[in-house]
Structure formats: C-alpha cells, structure tokens
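Colleague: what follows is a protein structure lacking sequence information:
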C-alpha cells in the first residue's frame, strides 16, 4: 500500500511529535513514524523519568531534615522498587497523553522502523509488513544515542548508560559516574540522596564545563560536603572485574588509583542517531558528525529537513521542539528561522541550576565590556523560610545595561530562569527588571535584586 502525505516525520520524540502537532494545526496532512514509544529519549529514558526520581530524592532529603522544621516522622527508608514504579507511572501517563494528542489531531502514527533512502518516500517495517510512504516533505528527527567511550572494560556487566540505569529496580551500594556533565551529575545527586556512595570522575578541570564558571566552582564543594567524591582532571584508564566488584582505575596528577563500585555509569555525552537514514546514498551533507541544516532546518536536499539531536548543537528536548515548529512552519510557507540567542538550560542537581545566554568566560574571551551582578539566596526571605538558602542569581549585562546572560543556582532555579530568558530574548535592560515590582516574599525577588546590582547595588545586601 502506498499513501501520499504533505509531511512525513521520522522519529516521535519531542522534536518529531511537536512538529507533527504543529503540522496538523497548519492544516497539513502528516504521518509520524516511530519504532519505539512516542516521546523519544526525553519522555521514556531521559528528562521525565529522571525528574520523577529527582522528586523522590528531594522528598527523602527533606524528610531527613524534617526535625529542623519542628516535624518528627517515624522510620525513614527507601523502597527503590516503589520509587521506580512511580517513575514508570509518570512516564506511562505522559506517553498516553501524547498518543491522545496525536489521535485528537488526526495525525497518523505508524509504529515501525522507517527507512529513508530516496527523497520523497520512506519504507516502514511494521508487524504487518513493509509499508511505502510518499511525502512531499520529510522531517528527520531520529534523536541521539549515548556514547560508550572506548576504554578497556566498558562492556563489562554493571557498566551501564543512563538509559540502562533507569531500568534497574535496586540501588547499588557504590556508584561511579564517569563524566561530570549534566546527566552524570543529575544521577549522582539522585543516588547520593538515597544513600548510595557516589564518586564522579571528570577528565576536564571542572564539572559542567559549558556553563558559567562560577556555578561549578560553587557547586563542587557543596557536592563534596554532601559526601560525594569528586575527581576532576582525572582520566579513566580501565574497568576490571574483581569478585563481585567493579574496579575503576583512574589517573590524575598524583598517579594511578582504584575506585571500587557495584555500578558504573557512562555519561560522556550523546551522538546523533542515523538509524534508518541512508546518508551516503541520499547525499545528505554532514558537518561535525551531524546533519547540516540552515536556519529553517533545511538540509542540502530539497524538501528534506532535520531537527533535534540529529543536527548536533544544543541537544535539549525544548530545542528539538522549537526546531520542529520552525521546520514545519517553513514547509507551510511561513517566513521563520531558528534562533539560539536565548536557549535556557536546567540541571536538576541539588541545588538546581539554570542558565541562559552568554557565560562570563565567553564575555571575557570576546573582549567585550560587560557588567556582572550577583545576589545570594541567603539574603532572600522566601529561600530562608524554605530552608534552601544555598546559591545565587548572577546576571551579566553589556555596557549599556542590556542583559546578555544569566545563571541561577538555588531553589527552583528551573522555574525562575524564564524571566531572564525573556530578558535575553527581547534585549531588556537590567533596569527593566529592577523596576518591575516583584511579589514579596518570593524567590524571584532575588532576580530583581541582582538586576539592581547592574546599575547600582542590590537593596538587601550589605
């Protein structure tokens, strides 16, 4: 059977399914092809399940400090099997929600593995056989897969990726995380809260090397204070099995050392997945091991678009969704382009981290004149009432006072960052935020105070 569509989307992650929804809104006939569950890595084995675990970890952490608030509870213990069951319920509910959205929008979803080897058509292998799909436009959204670094022992049982670790229903006693980036530190924070002995090994001089340098400088001692071992400027030489333990041999400036573990998490990044895409036979242009696209998400092939992790760059779910909207709006004839000026990022460690725009090290390297202002949560009334006074708001502005970047480390950072994302996107001055009345007592007052510091001095800071 052969069917013609205006848009065919290969991949049902946050890029693909949002692209499909927008296509339907624009009146285009659309088919979405996904071999696994809708929602992709983010919903099934990334953003959502880890955030469900983060909530359990945060709640357990709060229980341990309940007496500070005058509350006394009984026995505190972690039933990790129940924690995982709740995580699965959250994921299943959201996957079901996406399926209902597809049905309500009259989007045809084909469950099967698609193959794209000729412009204008795809073949899909389903449980009922192979189906040929013809489409005027094709959007490639096949996402990414974890990178398994080539070190001896990386294929041993117990050496896992984040996707594999999420499927486990028992906590290890000792976890070694290889990679001090976002994924590694989120899992490290979760497992440490549940009482696991956690060690993080990072080859670079600092954790979270892509964000403002001040944040990892402040975060690292907090993680160490919680009992986590942090090894930076440290290379992993090999992983070996000794009895029931895994031994991770690492090397730093002081020489070799062994770190024992029951589980090893490989969290050294992700790479684009070209599953089903015949790059060579199609003649797709590749750049830096990703598909090259323009500002409208077009590839070098006519009527072929690519979005999300497949194009490299900022590998975040919300970026994929935004790119999917741009691609399909361009297909519909609208004048659009993808902009990366104000992309927020959120890291769900304890405390939370969020950022947008330029970092201070980037501004220093550029030679641009800039101003920086910081305000600590220890001087914010709501943060003190919550018992979460660690961290700060940091705002960076150019010489005219226009906000060009910001970082937050502290309570609910991921929910606070949108005010600063809007400021960067719209080119607002720090004065615009400083003179905007913020409710009291609230956490966003810390943003207002930091904004005051760009042109003068925060009000509630000696």
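Modeller: Received the coordinates, thanks. In this text the structure is predicted, and so the values were computed from the model without any measurement.
Colleague: for the nearest residue to residue 347 once chain neighbours are set aside, list the residues it contacts.
Modeller: Of all residues not flanking residue 347 in the chain, residue 353 sits nearest, at 4.1 Å (C-beta to C-beta, 6 or more residues apart in numbering). (Each C-beta comes from the backbone N, C-alpha and C, glycine too.) Going by C-beta atoms under 8 Å, 6 or more residues apart in numbering, residue 353 touches 208, 211, 215, 219, 346-347, 407-409, 413.
Colleague: same question, residue 295
Modeller: Here residue 295 is in contact with 326, 337-339 (C-beta under 8 Å, 6+ apart).
Colleague: can you give me the distance of the closest residue to residue 10 other than its chain neighbours to residue 303?
Modeller: Nearest residue to residue 10 in three dimensions, chain neighbours excluded: residue 114, at 4.7 Å (C-beta to C-beta, 6+ apart). Taking C-beta to C-beta, to the nearest Å as the measure, residue 114 falls 16 Å from residue 303.
Colleague: next one: residue 312
Modeller: Distance of residue 312 to residue 303, given as C-beta to C-beta: 22 Å.
Colleague: and the two? Which one has more around it.
Modeller: Ranked by neighbour count (other C-beta atoms under 10 Å), residue 312 and residue 303 place residue 312 first, with 19 against 15.
Colleague: now do the more buried one, the pLDDT please.
Modeller: As summarised for this prediction, residue 312 has a pLDDT of 93.
Colleague: ok, now which ones touch it?
Modeller: By C-beta under 8 Å, 6+ apart, the contact list for residue 312 reads 272, 287-291.
Colleague: pLDDT score for the residue nearest to residue 347?
Modeller: 98.
Colleague: and stretch 260-269, what's buried?
Modeller: Judged by neighbour count using 16 or more other C-beta atoms under 10 Å, the buried positions of stretch 260-269 are 261-268.
Colleague: now intersect those residues with the strands, please.
Modeller: Counting by DSSP state E, these place 261, 263-266 in strands.
Colleague: so which of these is the closest to residue 146?
Modeller: residue 266 (6.8 Å; C-beta to C-beta).
Colleague: look up how far residue 165 lies from the closest one.
Modeller: On the measure of C-beta to C-beta, residue 266 and residue 165 end up 9 Å apart.
Colleague: just to revisit the earlier point, just the mean pLDDT for the helix or strand containing the residue nearest to residue 10, thanks.
Modeller: Per DSSP states H and E, residue 114 falls inside strand 113-118. For strand 113-118, the mean pLDDT works out to 93.
Colleague: thought residue 123 was touching residue 132, still the case?
Modeller: Yes: Residue 132 is in contact with residue 123 according to C-beta atoms under 8 Å; the separation is 5.5 Å.
Colleague: who has more neighbours out of the two?
Modeller: Neighbour totals were compared for residue 132 and residue 123, and residue 123 leads with 17 against 11 (other C-beta under 10 Å).
Colleague: quickly find the element holding the more buried one.
Modeller: strand 121-126.
Colleague: for that strand, buried residues please.
Modeller: So, applying 16+ other C-beta under 10 Å, buried residues of strand 121-126: 121-124.
Colleague: again with stretch 110-117
Modeller: 110-116.
Colleague: now swap in stretch 428-446 and tell me
Modeller: In stretch 428-446, counting by 16+ other C-beta under 10 Å, buried: 428-431, 433-434, 438, 443-446.
Colleague: tell me the one of the residues you listed nearest residue 372?
Modeller: For these, the nearest to residue 372 is residue 430 (10.7 Å; C-beta to C-beta).
Colleague: per-residue pLDDT, that closest one?
Modeller: 98.
Colleague: how is this protein partitioned into domains?
Modeller: 2-146+271-331, 159-267, 345-455 (automatic domain parsing).
Colleague: Serialize these to CSV and add fields for distance to residue 152.
Modeller: Listed next are these as CSV, based on distance: least, C-beta to C-beta, whole Å:
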stretch, distance to residue 152
domain 2-146+271-331, 18
domain 159-267, 4
domain 345-455, 30
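Colleague: which other helices and strands does the lengthiest helix in the chain contact?
Modeller: Counting by DSSP state H, the longest helix found in the chain is helix 80-104. Helix 80-104 sits against helix 16-25, helix 40-45, helix 47-64, with contacts defined as 3 or more C-beta pairs under 8 Å, 6 or more residues apart in numbering; DSSP states H and E.
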